[in-house]
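Trainee: take a look and give me a structure for this.
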Amino acid sequence: MFEAISHPLRVEILKKLAERPMRFSELKRELGVRSSGRLDYHLKKLEGLIAVDGEGRYCLTRDGYAALQAIEAIGRYGWQKRAYVLNLIAYVVANAYGALSNLGLWLWTVLPLSTAWLAFYTYWMARKRRALRW
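Mentor: Predicted structure coming up:
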């Protein structure tokens with residue numbers, strides 16, 4: 001499934017078909033694709049995620065809807081995981097710098113505050129936002 005949804009045009013195909021079933025020519029026009037061969041190639045890559053109904057229109061299968069939900073979830077939570085990783089990196093760098101430059105200040109100020117922040121941020125991301133499901 002990941003190979004099928006790895007191309008932006010295929011993702012757009014899934015989004016268009018989620019709106020309504022479409023014939024080949026209509027889908028080609030809606031997507032702005034000039035080459036029929038190019039569209040046909042990408043439709044073949046989506047095998048199992050799309051199907052052709054009795055009227056010759058392309059439509060999403062149940063797996064197609066699931067793939068589209070996965071794409072939307074990745075888009076919604078991807079930035080939050082990157083932000084969490086950046087917070088972890090900032091935590092390590094700030095504590096390493098603080099410990100090396102002024103041990104007393106680091107031990108009594110930087111370490112407790114940064115650890116409290118990271119604990120709160122981890123809780124917020126995992127429980128409240130449900131964004132840390134690796």
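Trainee: residue ranges with poor pLDDT in the protein?
Mentor: Segments of the chain classed as low confidence (criterion: pLDDT under 70) are 1, 76-78, 128-134.
Trainee: show me the helices in it, by range?
Mentor: The residue ranges that make up the helices of the chain, judged by DSSP state H, are 8-19, 24-31, 36-45, 62-101, 103-105, 111-123.
Trainee: what's the angle from the last one to helix 62-101?
Mentor: When you say that, I think you mean helix 111-123. 180 degrees (axes from the mean of the first three to the mean of the last three C-alpha atoms, to 10 degrees).
Trainee: so which elements touch helix 111-123?
Mentor: Contact analysis of helix 111-123 by 3 or more C-beta pairs under 8 Å, 6 or more residues apart in numbering; DSSP states H and E lists helix 62-101 as its packing neighbours. In this view, the C-beta of every residue, glycine as well, is placed from N, C-alpha and C.
Trainee: looking at the helices of the chain, which is buried most?
Mentor: helix 8-19 (a mean of 17; mean count of other C-beta atoms under 10 Å).
Trainee: so which residues make contact with it?
Mentor: Under the contact criterion C-beta atoms under 8 Å, 6 or more residues apart in numbering, helix 8-19 has outside partners 4-5, 22, 27, 30-31, 33, 38, 42-43, 45-46, 49-50, 58-60, 64-65, 67-68, 71.
Trainee: how near is residue 100 to residue 94?
Mentor: Relative to residue 94, residue 100 is positioned 11 Å away (C-beta to C-beta, to the nearest Å).
Trainee: residue at max distance from the center of the chain?
Mentor: For the chain, the largest distance from the centre (C-alpha atoms, centre = their mean) belongs to residue 104, which lies 42.3 Å off.
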